[in-house]
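only geometry, no sequence info:
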């Protein structure tokens, strides 16, 4: 049994080292508290520079006009309400910007009175309520202002060569409402701007019941001469947002360009090469399909041109203004006198719900849109694991029980390998007398002993390394499920039973206040004393690992025996602070493993002496 124990210890040490490195070097930092300082000076993201040509072709890669403005027109401009089952907010007629959006299906915390998650924020947010509505402050009201970094989508036109730049609308143009009273899934709105030079611009917004805006920009040329300009869309983010800075999580720019996924965090954007008239920028010509935008852990804002439409995708950083931008620039359009031209695109602004995003991939056909969810390196495992978990949750209705059911499915898939492993372990026990005879015969000649042992294994067709395979195979599954639980929105604030109200967060119970029986709160987990603040699930995890270990006798080697004794409790402290959904998976996996190993080895004549091994490990059983 020395080889069995050695294999098991090796597998557990390897697993522990991987988790330890992960937990030590890549653990997420707690997000900083929201800033209370007002933004005292704002800059406006304007139109890309004038395209190089006046007819045909893609607009030249000119830089955005980022000059500071002395007065923000959005502070006094009229707003058009946005109301849907999933969104609430408004569009500013200053620039026709979508700059005020709340996600009404999600709250900041588990508190039912917590504010809705705010996605987009105008350049002047001091007139927004601190409550859920995000509406302007009522006269005489005195709520706390919501002071957040501006984040918005704006559209416009770039003047072609020979076209007066003042003849096209930009980020500061004040539009008038031509039709519609509010933007809802049942009613579109159209904005209008007359440049006074013979061209009338219109911008129409339509919205579905989720998070997809359809934006149609058009120009009607009532002048006597041809008119040339290029439409564009911009997502502007003032200043770097608060991020979790976690190794396995991407937050920043994301783009799909003709089937190629591009990800760049905010630090990457500040390190981009300088491009003339652009600042630090990455410019990609897209032939027919793609999208570009910014992603947070659970939320995303993305520009998506109509499928089949060529465009230029740009991600950039303006150092002087401290603005991050994602842009879509379309080919120059030449409109003859008496004619009109239009350009349609989409804006996704909302929660990264898998079903919604997959639906938009199917219709209107946004290419590989589900890859906007950060599936990670093990995407070939993460994607199917999530789909099965999502399907289970749709039928069970509880994500915790769905994780347990998923664990049974995963164990069933690897059962043939586990069965081989446990049979091999049973055979190793049968060979124990012959192995002991070899040790006595060769004495201290370890080379001779290894040679004869290998000959015995070969003769009896036993693989001494098979015992560690069930543990080793759990590592990629563990990390894939960790990714699913940590990244996917469907696990956010998902309850299980009783005190477990968020499977994406650690178990909030603590042994230091007797799991809520004592009248004081448990210490914060990032505090020094919080390290020993074991939760109920962490303790169950440690016990389940200890029981699994006791299926085999303790090794006789003192070093191995010490490692064996400490291993479950080290894991208990290390993994107990992980997301409770992941700890639930690990506990379930351990329980199934115990049952499988006990049953299979018993059927092959080598029933584990579980209770005997437990008794032998007790101090009172030690030989004097």
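That came through fine. Computed from a predicted structure; not experimentally measured. Numbers count the residues shown, from 1 in each chain.

per-residue confidence averaged over the host helix or strand of residue 416?
Following DSSP states H and E, one finds residue 416 within helix 415-430. Helix 415-430 comes out with an average pLDDT of 77.

and that helix, what does it pack onto?
Contacts defined by 3 or more CB pairs under 8 Å, 6 or more residues apart in numbering; DSSP states H and E place helix 415-430 against helix 2-25, helix 469-472, helix 580-603. Where you see a C-beta, it was placed from the backbone N, CA and C, and this is true even at glycine.

which is the next helix or strand following the shortest one?
Going back to what we said before, that points to helix 469-472. In N-to-C order, the element after helix 469-472 by DSSP H and E is helix 474-487.

now the angle from the helix or strand that that next one is followed by to helix 580-603?
Elements were assigned by DSSP H and E; along the chain past helix 474-487, the next helix or strand is helix 536-549. Using axes from the mean of the first three to the mean of the last three CA atoms, to 10 degrees, the direction of helix 536-549 lies 20 degrees away from that of helix 580-603.

mind listing what residue 445 touches?
Residue 445 makes no contacts at all, as judged by CB atoms under 8 Å, 6 or more residues apart in numbering.

domain ranges for this structure?
73-374, 407-469, 473-618 (automatic domain parsing).

the helix or strand following the helix holding residue 416: which residues count as buried?
Next helix or strand after helix 415-430 toward the C-terminus (DSSP H and E): helix 432-442. Across helix 432-442, burial judged by 16 or more other CB atoms under 10 Å covers 435, 438, 442.

now stretch 192-208
For stretch 192-208, by 16+ other CB under 10 Å, it's 192-193, 195, 199-208.

apart from its chain neighbours, what residue comes closest to the spatially most central residue of the chain?
By CA atoms, centre = their mean, the chain has its centre lying nearest to residue 487, at 3.5 Å. Nearest residue to residue 487 in three dimensions, chain neighbours excluded: residue 374, at 5.2 Å (CB to CB, 6 or more residues apart in numbering).

neighbouring strands - and their directions - for the helix or strand where residue 254 lies?
Residue 254 belongs to strand 252-257 when elements are defined using DSSP H and E. Here strand 252-257 has these sheet partners by DSSP bridges: strand 260-265 (antiparallel), strand 290-295 (antiparallel).

picking up where we left off before, now render the buried residues of helix 432-442 as CSV, adding distance to residue 419 and pLDDT.
Compiled in CSV, the buried residues of helix 432-442 are given as follows (distance: CB to CB, whole Å; pLDDT from 0 to 100):
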residue, distance to residue 419, pLDDT
435, 23, 78
438, 28, 82
442, 33, 80
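
the stretch 151-300 of the chain: helices as residue ranges?
Taking DSSP state H, counting those that start in this stretch, the helices of the stretch 151-300 of the chain run over residues 266-270.

same thing with the stretch 301-450 of the chain?
Under DSSP H, counting those that start in this stretch, the stretch 301-450 of the chain gives helices at 354-362, 379-396, 399-413, 415-430, 432-442, 446-460.

worst average pLDDT in those?
Mean pLDDT per stretch puts helix 415-430 lowest among the helices of the stretch 301-450 of the chain, at a mean of 77.

right, and residue 159 touches residue 168 too?
Yes. Residue 159 is within contact range of residue 168, at 4.9 Å (criterion: CB atoms under 8 Å).

ok, back up a step: neighbours of the residue nearest to residue 487, how many?
20 (other CB atoms under 10 Å).

so where's the protein uncertain?
Low-confidence segments of the chain, defined by pLDDT under 70: 1-75, 126-147, 464-471, 520, 525-528, 530, 553-557, 613, 616-624.

contact partners for the residue lying farthest from the centre of it?
Distance from the C-alpha centroid of the chain, by CA atoms, centre = their mean, peaks at residue 441 (59.5 Å). Contact analysis of residue 441 by CB under 8 Å, 6+ apart lists residue 452.

from residue 435, how far off is it?
11 Å (CB to CB, to the nearest Å).

how close does residue 587 get to residue 493?
Distance from residue 587 to residue 493, by CB to CB: 21 Å.

more crowded one of these two?
When residue 587 and residue 493 are compared for neighbours, residue 587 comes out ahead with 21 against 15, by other CB under 10 Å.

good, we can wrap up now.
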